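> predicted model follows, preceded by the sequence.
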Amino acid sequence: MLSKYIEKAMKLYKNIDGLAAVDKEGIIRYYFNYRPNINPLSAAEAVNKHVLDVFPSLDEQSSTLLTVLRTGEPILNYFQEYDNCVGVRIKAINTTMPLTDADGQLIGAIDVSVYITKEHDRLSIVMNKPANPDNLFTASDIITKDDHMIQLKDNLLKIASTSSSVLIYGETGTGKELFAQSIHSASRRKDGPFIVQNCSAIPSTLLESIFFGTVKGSYTGAENRKGLFELADGGTLFLDEINSMDINMQSKILRVLEEKKVRRVGGVGDIAFDVRIISAVNEKPEVVLNQGKIRTDLYYRLSPVQITIPPLRERKGDIPILADYFINYFNKTMHRNILGITEDALEVLRNYSWAGNVRELKNIIEGCFNIVDDGFLTRENIPAYLLASINYYKNTPIDDDSRSLDQRVKAFEKDIIVRALEQHRTLSAAARALSITRQNLRYKLEKYEIDIEEIINNT
């Protein structure tokens, strides 16, 4: 059924770089990439997988394919920047159209992409920001009334005025990239590129080519391609989860940073660059050092300036204003008319431990928007797992468990997820039972290292 639409799209769009078609469940049924030198993702790595598995940096709101499946409305010439499952960040102009059968029933969606590179225009150097893709986040986008966070915002402006490397520590979901973008936006480099790389997303075999670039013919399939340091020249390179990088690669990165020169894989000459490095870790720096996850010499090279972002459980006074912010955001993006959140619902949110921090709060609000069209969000709209975790710990004697509150909450949440998977046996069904999005559940599976196949096979 999809084949005729694919043929039609190829005729209509003569100069496309990529094409993907999904069925109504979001499973990619056709994928073709015309520029593997820019996007090395192959059809074999994409077909028959859910779109969020192939493009893990997207979610149900930011994916144009899933948005079109949900709304039935086309999205034309929309700028996106996203990571694919082979660890490469893509910048593209996407046009996404709904696919219907002879009776007008939605059967899928098709997306055509034109990749953006420096040879096209300056869109190649910007990050995606909802409704305003030409600008990065700034300090004014950090929503808070917490005294410590306000002080951090003030410090950002001072830090931005220098070129010192910055190390940001924060738990998953606290907003490390938001802080990194804010520093860049306030710096003298604000008109230069802001390049992002999640170090945990790069296969070890691709590390050198992605960071240093390649020379055509240096290995089978290699093309002349700039690495991250060249791409970020004159701007900022943000290295997220630097503690997950291979130790051997860390020594090469250190040498490049000290010399401020890079040599492409297969190249013979050095290329100078001018880049500010902002890196991030999601574990305490002293833990990362003690466990040998980062070289000591690289750590000190990256951390003359350190920022620690407090977790949401330490600034629960921000929960009401963050909830209002996300309600306004989803009212616009999901075309709802939610007036606010009730005090009893806020009380539930205040009593939760927030292992997933601000990102988890955003996902909670998004989940509520999927079941409420107007009026107020209430306690009854809060996901069952969150209510269960609070009730469980209200009835459990504190002295009976030597673990910290955060450790106990995480263990209980993991247990709820495992039981949901055992009962429902698919990711989508378990997500529905827990009243969370599929993307949020997948994030929690990775966070708690839950093997869904093992659970299903043993039940």
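It's in.

> where's Ile390 relative to Glu347, distance?
To Glu347, Ile390 is 10 Å away according to C-beta to C-beta, to the nearest Å. No exception for glycine: its C-beta is placed from N, CA and C like everyone else's.

> middle-most residue in the protein, spatially?
Ser57 (3.9 Å; C-alpha atoms, centre = their mean).

> what's the residue nearest to it when sequence neighbours are not counted in contact with, if anything?
Closest residue to Ser57 apart from its sequence neighbours, by C-beta to C-beta, 6 or more residues apart in numbering: Asp83 at 4.0 Å. Asp83 makes contact with Phe55, Pro56, Ser57, Arg89, Ile90, Asn198, Ala201 under the criterion C-beta atoms under 8 Å, 6 or more residues apart in numbering.

> the second one reaches Gly87, doesn't it?
No - Pro56 lies out of contact with Gly87 (C-beta atoms under 8 Å); the separation is 9.6 Å.

> next SSE after the helix or strand containing Leu239?
Taking DSSP states H and E as the definition, one finds Leu239 inside strand 236-240. Helices and strands here follow DSSP H and E; after strand 236-240, the next one along the chain is helix 247-259.

> that next one to strand 236-240, inter-axis angle?
160 degrees (axes from the mean of the first three to the mean of the last three C-alpha atoms, to 10 degrees).

> out of Ile390 and Glu347, which sits in the busier spot?
Comparing Ile390 with Glu347 by other C-beta atoms under 10 Å, the one with more neighbours is Ile390, at 19 against 11.

> so the more buried one is in contact with Leu349, correct?
No - the criterion here is C-beta under 8 Å, and Ile390 misses it with Leu349 at 9.7 Å.

> sorry, back to before: got a list of contacts for the strand holding Leu239?
Here strand 236-240 makes contact (C-beta under 8 Å, 6+ apart) with 176-177, 180-181, 183-184, 187, 189, 192-200, 228-229, 245, 275-280.

> can I have that strand written out in CSV, keeping just the CAs?
Output of strand 236-240 as CSV, limited to C-alpha atoms (Å, rounded to 0.1, in the frame of the first residue of the first chain):
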residue,chain,number,x,y,z
THR,A,236,31.2,25.9,21.0
LEU,A,237,31.4,22.1,21.1
PHE,A,238,29.2,20.6,23.7
LEU,A,239,30.2,17.0,24.7
ASP,A,240,27.4,15.4,26.7
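
> strand partners (parallel or antiparallel) of that strand?
With DSSP bridges as the test, strand 236-240 is paired with strand 194-198 (parallel), strand 276-281 (parallel).

> JSON lines please, covering these and showing mean neighbour count.
Output for the strands paired with strand 236-240, formatted as JSON lines (neighbours: other C-beta atoms under 10 Å):
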{"stretch": "strand 194-198", "mean neighbour count": "22"}
{"stretch": "strand 276-281", "mean neighbour count": "25"}
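
> just give me the lowest mean pLDDT stretch among these.
The weakest mean pLDDT among these belongs to strand 194-198, with a mean of 90.

> can I get that strand in CSV, CA atoms only?
Provided in CSV are the C-alpha atoms of strand 194-198 (Å, rounded to 0.1, in the frame of the first residue of the first chain):
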residue,chain,number,x,y,z
PHE,A,194,26.9,25.3,18.5
ILE,A,195,27.7,21.7,17.9
VAL,A,196,26.4,18.9,20.2
GLN,A,197,27.6,15.3,20.5
ASN,A,198,26.3,12.8,23.0
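
> how far off centre is it?
How far strand 194-198 lies from its chain's middle: 11 Å, per C-alpha atoms, centre = their mean, to the nearest Å.

> next secondary structure element downstream of it?
The first helix or strand that comes after strand 194-198 along the chain, using DSSP H and E, is helix 207-212.

> state the mean pLDDT of that next one.
Per-residue scores along helix 207-212 average to 87.

> can you name the next helix or strand after it?
Remark: after helix 207-212, the chain's next helix or strand is strand 213-214, criterion DSSP H and E.

> who's in contact with the nearest residue to Tyr34 once chain neighbours are set aside?
Once flanking residues are discounted, Tyr34 sits nearest to Asp17: 5.2 Å by C-beta to C-beta, 6+ apart. Asp17 is in contact with Asn33, Tyr34, Arg35, Ile38, Asn39, Ala92, Ser113, Val114, Tyr115, counting by C-beta under 8 Å, 6+ apart.

> for the second one, give me phi and psi.
For Tyr34, the backbone dihedrals are phi -90, psi -10 (criterion: degrees, to the nearest 10).

> if we can go back for a sec, nearest to His50, of the strands paired with strand 236-240?
His50 lies closest to strand 194-198 among these, at 19.5 Å (C-beta to C-beta).

> tell me what the lengthiest helix in the chain is packed against?
When the chain is parsed with DSSP state H, its longest helix is helix 405-424. Helix 405-424 is packed against helix 384-394, helix 427-434, helix 438-447, helix 452-457, with contacts defined by 3 or more C-beta pairs under 8 Å, 6 or more residues apart in numbering; DSSP states H and E.

> out of the ones you listed, nearest to Asp270?
Going by C-beta to C-beta, the one of the helices and strands packed on helix 405-424 nearest Asp270 is helix 438-447, 38.0 Å.

> could you give the angle of that closest one to helix 405-424?
Going by the same axes, to 10 degrees, helix 438-447 makes 120 degrees with helix 405-424.

> can you map out the helices along the stretch 101-250 of the chain?
Taking DSSP state H, counting those that start in this stretch, the helices of the stretch 101-250 of the chain run over residues 147-160, 176-185, 207-212, 228-231, 247-259.

> quick one: the shortest one to chain centroid distance?
Its chain's C-alpha centre lies 21 Å from the corresponding centre of helix 228-231 when counted by C-alpha atoms, centre = their mean.

> show me what that helix is in contact with.
The contact list for helix 228-231, computed with C-beta under 8 Å, 6+ apart, reads 193, 195, 197, 210-213, 237, 256, 262, 271, 273, 275.

> CSV for the residues you listed, including distance to Phe326?
Shown next, in CSV, are the contacts of helix 228-231 (distance: C-beta to C-beta, whole Å):
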residue, distance to Phe326
Pro193, 29
Ile195, 28
Gln197, 27
Ile210, 33
Phe211, 35
Phe212, 39
Gly213, 39
Leu237, 29
Val256, 39
Val262, 40
Ile271, 43
Phe273, 38
Val275, 33
